[in-house]
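Trainee: Would you be able to build a 3D model of this:
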Amino acid sequence: VLVSVTCSPPQNYPLYIRSVPTENELKFHYTVHTSLDVVDEKISAMGKALVDQRELYLGLLYPTEDYKVYGYVTNSKVKFVMVVDSSNTALRDNEIRSMFRKLHNSYTDIMCNPFYNPGDRIHSRAFDNMVNSMMMQVC
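Mentor: Sure, this is the predicted structure:
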């Protein structure tokens, strides 16, 4: 399982990446970077008129034989990517959607911190705890 928060374009660098187990972390980094292209394609396919009223949850970006990759975009174009094991059939679409909402709410709490500089890597114990509890729920 992997959770990634990525900065808005044009930088698209990761602000936060957390994976369990950690031995495939490089493979997960590659998966996140390739999924950012799919997120951009989905956003541009929606058209300019629908961008302001779009659903933030993008759904399943693409499945592989080992993983399912889901995406979510905030109004400020910060991208959340979640990679889940394909063998986990217990997760439904509405559960993934609610996990992204929790992730977005925690990210909003970080942005409200006056000591956080937007664009810096996320180093928050509360955010880590929330991501860990989400990962425990999925695993």
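
Trainee: partner residues bridging the spatially closest residue to Ile43 that is not a sequence neighbour?
Mentor: Among residues not flanking Ile43 along the chain, Val73 sits closest, at 6.4 Å (CB to CB, 6 or more residues apart in numbering). C-betas here are computed from N, CA, C, even on glycine. For Val73, the beta-bridge partners are Lys79 (DSSP bridges).

Trainee: Distance-wise, check Val73 relative to Tyr57.
Mentor: The gap separating Val73 from Tyr57 is 9 Å, by CB to CB, to the nearest Å.

Trainee: ok, those two, which is more surrounded?
Mentor: In this view Val73 and Tyr57 are compared by other CB atoms under 10 Å, and Val73 has more residues nearby, 24 against 18.

Trainee: Need the per-residue pLDDT for Gly47.
Mentor: Reading off the confidence values, Gly47 has pLDDT 64.

Trainee: Where does Gln17 sit: helix, strand or coil?
Mentor: Residue 17: Ile, not Gln. Ile17 carries the three-state label strand when classified by DSSP: H, G, I helix; E, B strand; the rest coil.
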